[in-house]
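**Student:** curious how this folds, go ahead:
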Amino acid sequence: MKLNKIIKYTGFLAIVLINVGCDQVSKAVVRLNLDYHERIPLVDNHLILTKVENSGAFLSLGDSLPPGFKQVLLLLLPSLALFMMLYWMLVRMDANKHTLFALGCIIGGGIGNLYDRMAYGSVTDFLYIHYGYFQTGIFNAADVSIMIGTCLLFISYIITASKGLLRT
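**Tutor:** The predicted structure is shown next:
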């Protein structure tokens, strides 16, 4: 039983570290090799590589807030949320492997963006999708990790809840 818990902790930690590592390596490559607002089409003209610094949150929300409030909103609250998720994972290690993977992605992505905010004062974003009427804001690997983790967590919850409904 104890070995199973060690394997879960190690797997969870590996997922977090892989997400942080991929995010930080991709941002470092972009910082070193791209000029601000340079556009490099990767997949036809649908996936575009460009470099911007985002001093706000998702899609630059909160960028114009007063500095003190911005620090609380963009550094303190995310730090508390990440700490609470990590604490929950350490206390409740009975989560299934899908939930562990999803939370590992969310926490890893969150740490990647939080590190940027602390180290650089902003987050480096560099990917943009434009396909017909569909287009995104500029995002990074940490954002992808967070979105994948959130979607997987939501799907896992729906599946678990539906299994519970089928048993009653």
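
**Student:** which one's the longest helix in the chain?
**Tutor:** helix 2-33 (DSSP state H).

**Student:** flag every buried residue along it.
**Tutor:** By neighbour count with 16 or more other CB atoms under 10 Å, helix 2-33 contains the buried residues 8, 12, 15-16, 19-20, 22-24, 26-27, 30. In this view, the C-beta of every residue, glycine as well, is placed from N, C-alpha and C.

**Student:** for that helix, what is the average pLDDT?
**Tutor:** The average pLDDT for helix 2-33 rounds to 93.

**Student:** and that helix, how far out from the chain middle?
**Tutor:** Distance, stretch centre to chain centre, for helix 2-33: 11 Å (CA atoms, centre = their mean, to the nearest Å).

**Student:** packing partners of it?
**Tutor:** strand 47-54, helix 97-120, strand 123-131, helix 141-167 (3 or more CB pairs under 8 Å, 6 or more residues apart in numbering; DSSP states H and E).

**Student:** could you name the helices and strands sitting against the helix or strand that that helix is followed by?
**Tutor:** Per DSSP states H and E, the first helix or strand lying C-terminal to helix 2-33 is strand 40-43. On a contact count with 3+ CB pairs under 8 Å, 6+ apart, strand 40-43 meets strand 47-54.

**Student:** what is the mean pLDDT for the strand it packs on?
**Tutor:** On average, strand 47-54 scores 95.

**Student:** output the helices and strands packed on helix 2-33 in a markdown table, with distance to D35 and mean neighbour count appended to each entry.
**Tutor:** What follows is these, written out as a markdown table (distance: least, CB to CB, whole Å; neighbours: other CB atoms under 10 Å):
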| stretch | distance to D35 | mean neighbour count |
| --- | --- | --- |
| strand 47-54 | 7 | 18 |
| helix 97-120 | 17 | 20 |
| strand 123-131 | 12 | 19 |
| helix 141-167 | 20 | 15 |
